[in-house]
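*Asks:* Here is a sequence with its predicted model. Questions after.
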Amino acid sequence: MSTCLFCSTTRFSSSLISEPNCRWPTTTNPNTSRPVQFALRKHVNRNNSRGIARVFQEEAVGVLFPDESVSLREIDAGEGRDVDGRVGGGVAEAVEETEGALGLTKDSPPPGRYVRKREENAEEDRFESRFKLRNGKEVFEEKAYLVGIERKGDTMDTFGIEESLKELAQLADTAGLIVVGSTYQKLATPNPRTYIGSGKVAEIKSAVDAFGVETVIFDEELSAGLVALARMEYQLPRLTKMWTHLERQAGGRVKGMGEKQIEVDKRILRDQIVVLKKELETVRKHRKQYRNRRVSVPVPVVSLVGYTNAGKSTLLNRLTGAKVLAEDRLFATLDPTTRRVQMKNGKVFLLTDTVGFIQKLPTKLVAAFRATLEEISESSLLVHVVDISHPMAEQQIDAVDKVLLELDVASIPKLMVWNKVDKASDPLRIKFEAEKREDTVCISALSGDGLDEFCNAVQEKLKEYTENGTLVRAFVPLRIARLLTPMRQLCIP
Ligand SMILES: Nc1nc2c(ncn2[C@@H]2O[C@H](COP(=O)(O)OP(=O)(O)OP(=O)(O)O)[C@@H](O)[C@H]2O)c(=O)[nH]1
Ligand SMILES: [Mg+2]
């Protein structure tokens with residue numbers, strides 16, 4: 001039996017079907033034998049709403065996914081018409097020739113099936129390969145385009161625009177995005193409607209079209225109104241298009257179905273936000289209960305703070321044998337973790353690893369980090385971990401100090417730790433520099449170099465804390481003398 005592939009859809013005109021992306025022949029020859037009609041399959045991952053949006057976009061340019069498992073039914077040649085009445089039996093000839101060339105017999109399975117199956121599998125593989133693991137979570141890899149903005153005369157921003165964009169690219173990578181390009185603009189005054197100038201908007205639009213960009217990221221905290229406006233302007237026509245087929249399937253009788261679906265989509269988004277907020281609140285409550293329990297056993301708490309990727313988790317792991325995820329990626333840590341550290345002299349303290357800071361930390365994100373921030377504000381000592389090998393180390397220190405200032409934790413003693421000294425171009429000079437400074441220790445969390453000095457410095461600083469606030473005089477009766485050992489462990493003499 002020869003096979004004819006006939007695209008039948010109520011959604012596309014034949015001009016769409018013959019787009020180069022349509023992967024089957026479209027020449028017509030009505031003299032060939034019976035056509036087979038197949039239904040179109042939406043190639044979607046049901047767990048991924050983005051996937052759905054992507055598919056509908058693709059359909060709009062005529063990328064169709066045949067699926068014989070959905071419907072592969074033989075129909076009469078006369079049936080082979082699309083909605084416009086065109087005969088769609090013509091591709092049989094091309095397929096027949098292929099069969100002849102392959103020497104297939106009447107009973108052989110039609111090669112079209114194999115081709116389609118292979119294409120389907122390849123497409124599925126391509127789609128699946130876009131899911132990447134980030135921080136133990138699977139994220140859908142999207143194409144992103146970055147836009148940097150430098151406000152003329154802005155002296156507050158110590159990071160250069162290119163450095164800032166480089167960091168943004170790392171952040172995008174953490175979020176699972178592939179950066180396909182970037183641009184920047186120096187602005188005297190922002191455009192109230194589009195923020196950047198109209199020429200830049202046009203440039204970004206061309207890049208979006210050329211690279212098939214799915215997400216544009218601004219290296220700025222855009223006002224909520226501006227973002228909402230841009231998103232709605234972008235999504236609304238697409239959302240409407242996405243759902244108009246329902247109206248057509250209903251014979252145009254159900255008016256406004258598209259609009260109803262937009263409402264549904266919005267509600268789903270709102271529900272997702274509510275769920276996320278609840279999860280964050282649970283983390284906060286859990287940490288609070290944990291802190292309350294801790295207060296009843298007053299072990300000093302030392303919090304590791306610092307710029308993202310400075311090596312905080314590596315230090316915690318090194319000192320406590322914990323297995324907190326530490327990797328060369330921004331925001332590897334998202335929840336605070338506390339472990340007990342026993343020093344060589346038997347003294348103990350609790351060490352908390354926190355979420356890293358970053359320049360331009362958006363205020364909304366700060367709210368999401370509340371668990372970390374509350375943890376910091378209730379610490380006995382803050383250890384500021386710095387990646388001293390980083391070319392922007394000084395700017396990163398400033399950025400962290402700025403956040404700490406906002407947190408109003410000036411009264412908590414601080415210890416500065418210059419980490420990754422092994423990676424620095426001149427480690428000896430760095431160590432020499434650190435020695436000259438007060439409250440600064442040089443370490444390599446990776447190799448363990450300087451960790452004894454670090455623990456001694458922590459102990460010294462904790463004395464400061466004890467002297468400042470919680471000096472306790474206690475008379476211990478002989479009958480509970482067994483408590484002296486744990487008390488000595490907890491107290492700084
Ligand atoms: N060479 C060298 N690399 C280090 C050192 N300490 C940490 N690193 C590396 O730096 C990268 C980041 O380390 P993390 O411990 O995840 O950094 P972090 O401060 O916890 O980062 P966030 O959780 O993202 O804030 C990892 O690849 C570590 O292996 C060090 O002393 N020397
Ligand atoms: Mg970390």
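*Replies:* Now that the structure is in, tell me what you want to look at. Residues are numbered from 1 along each chain as shown. Ligands and ions are numbered 1, 2, ... in the order given.
*Asks:* which residues touch the helix or strand harbouring residue 143?
*Replies:* Using DSSP states H and E, residue 143 sits within strand 142-151. For strand 142-151, the external contacting residues (C-beta atoms under 8 Å, 6 or more residues apart in numbering) are 50, 130, 157, 161-162, 164-165, 168-169, 172, 176-187, 190, 195-196, 200, 204, 207-208, 211-220. (Glycine included, C-beta is placed from N, CA and C.)
*Asks:* Residues of the stretch 251-400 of the chain that sit close to ligand 2?
*Replies:* 312, 313, 332, 333 (C-beta under 5 Å from the ion).
*Asks:* what's the third one in contact with, if anything?
*Replies:* Which is residue 332. Residue 332 makes contact with 135, 174, 308, 309, 313, 325, 326, according to C-beta under 8 Å, 6+ apart.
*Asks:* Buried among those residues? Make that a PyMOL selection.
*Replies:* In PyMOL, this line selects whichever of the contacts of residue 332 come out buried by 16 or more other C-beta atoms under 10 Å:
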select buried, resi 174+308+309+313+326
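*Asks:* what does the stretch 251-400 of the chain have sitting close to ligand 1?
*Replies:* Contact residues, the stretch 251-400 of the chain versus ligand 1 (C-beta under 6 Å from any ligand atom): 306, 308-314, 326-328, 330-333, 356.
*Asks:* So the closest residue to ligand 2 within the stretch 151-300 of the chain versus ligand 1, what's the distance?
*Replies:* For the stretch 151-300 of the chain, the residue closest to ligand 2 is residue 174, as judged by C-beta to the ion, at 11.7 Å. Between residue 174 and ligand 1 the computed distance is 8 Å (C-beta to the nearest ligand atom, to the nearest Å).
*Asks:* And the helices in the stretch 101-250 of the chain?
*Replies:* In the stretch 101-250 of the chain, helices defined by DSSP state H, counting those that start in this stretch lie at 111-128, 161-174, 198-211, 224-249, listed in chain order.
*Asks:* any idea which of those helices scores lowest on pLDDT?
*Replies:* Of all these, mean pLDDT reaches its minimum on helix 224-249 (a mean of 51).
*Asks:* State the distance from residue 217 to residue 315.
*Replies:* For residue 217, the distance to residue 315 (C-beta to C-beta, to the nearest Å) stands at 31 Å.
*Asks:* nope, residue 399 is what I was after
*Replies:* Distance, residue 399 to residue 315, using C-beta to C-beta: 19 Å.
*Asks:* One more: residue 165?
*Replies:* The value you get for residue 165 to residue 315, if C-beta to C-beta is used, is 29 Å.
*Asks:* One more: residue 373?
*Replies:* For residue 373, the distance to residue 315 - C-beta to C-beta - is 20 Å.
*Asks:* neighbour-wise, which of those two wins?
*Replies:* It is residue 315, of residue 373 and residue 315, that has more neighbours when counted by other C-beta atoms under 10 Å, with 26 against 21.
*Asks:* show me what contacts that one?
*Replies:* Residue 315 neighbours (C-beta under 8 Å, 6+ apart): 304, 385, 417, 419, 443, 445.
*Asks:* give me that answer again for 10 Å
*Replies:* Each residue near residue 315 by C-beta atoms under 10 Å, 6 or more residues apart in numbering is listed here: 304, 306, 324, 326, 351, 353, 383, 385, 417, 419, 443-446, 451, 454.
*Asks:* Lowest pLDDT pick from the residues you listed?
*Replies:* Lowest pLDDT among these: residue 324, 77.
*Asks:* For that one, which non-adjacent residue is closest in space?
*Replies:* In space, and not counting its chain neighbours, residue 324 is closest to residue 313: 4.3 Å by C-beta to C-beta, 6 or more residues apart in numbering.
*Asks:* Could you do residue 410 as well?
*Replies:* residue 404 (7.8 Å).
*Asks:* any idea which element the one you found lies in?
*Replies:* helix 393-407.
*Asks:* List the strands paired with the next helix or strand after that helix, with their directions.
*Replies:* Using DSSP H and E, the helix or strand that directly follows helix 393-407 along the chain is strand 414-419. Strand 414-419 has the following strand partners under DSSP bridges: strand 381-387 (parallel), strand 440-442 (parallel).
*Asks:* Please work out which of those strands is packed deepest.
*Replies:* Of those, the one with the most neighbours on average (mean count of other C-beta atoms under 10 Å) is strand 381-387, at a mean of 23.
*Asks:* circling back: turn the residues of the stretch 251-400 of the chain next to ligand 2 into JSON lines, columns for distance to residue 477.
*Replies:* Formatted as JSON lines, these follow (distance: C-beta to C-beta, whole Å):
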{"residue": "312", "distance to residue 477": "43"}
{"residue": "313", "distance to residue 477": "44"}
{"residue": "332", "distance to residue 477": "49"}
{"residue": "333", "distance to residue 477": "45"}
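*Asks:* now those residues as a markdown table including pLDDT?
*Replies:* Converted to a markdown table, these look like this (pLDDT from 0 to 100):
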| residue | pLDDT |
| --- | --- |
| 312 | 94 |
| 313 | 93 |
| 332 | 72 |
| 333 | 74 |
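*Asks:* Determine which two of those residues are furthest apart.
*Replies:* 312 and 332 (9.2 Å; C-beta to C-beta).
*Asks:* residue ranges of the strands in the stretch 201-350 of the chain, please?
*Replies:* Ranges of strands within the stretch 201-350 of the chain are 215-218, 301-306, 337-342, 348-353, based on DSSP state E, counting those that start in this stretch.
*Asks:* Provide the strand pairings for the last one, with the direction of each partner.
*Replies:* This means strand 348-353. strand 301-306 (parallel), strand 337-342 (antiparallel).
*Asks:* can you pull the buried residues of the first one?
*Replies:* In this case it means strand 301-306. Residues of strand 301-306 classed as buried: 301, 302, 303, 304, 305, 306 (neighbour count, 16+ other C-beta under 10 Å).
*Asks:* Hmm, residue 397 and the fifth one touching each other?
*Replies:* No - taking contact to mean C-beta atoms under 10 Å, the distance of 11.2 Å between residue 305 and residue 397 leaves them out of contact.
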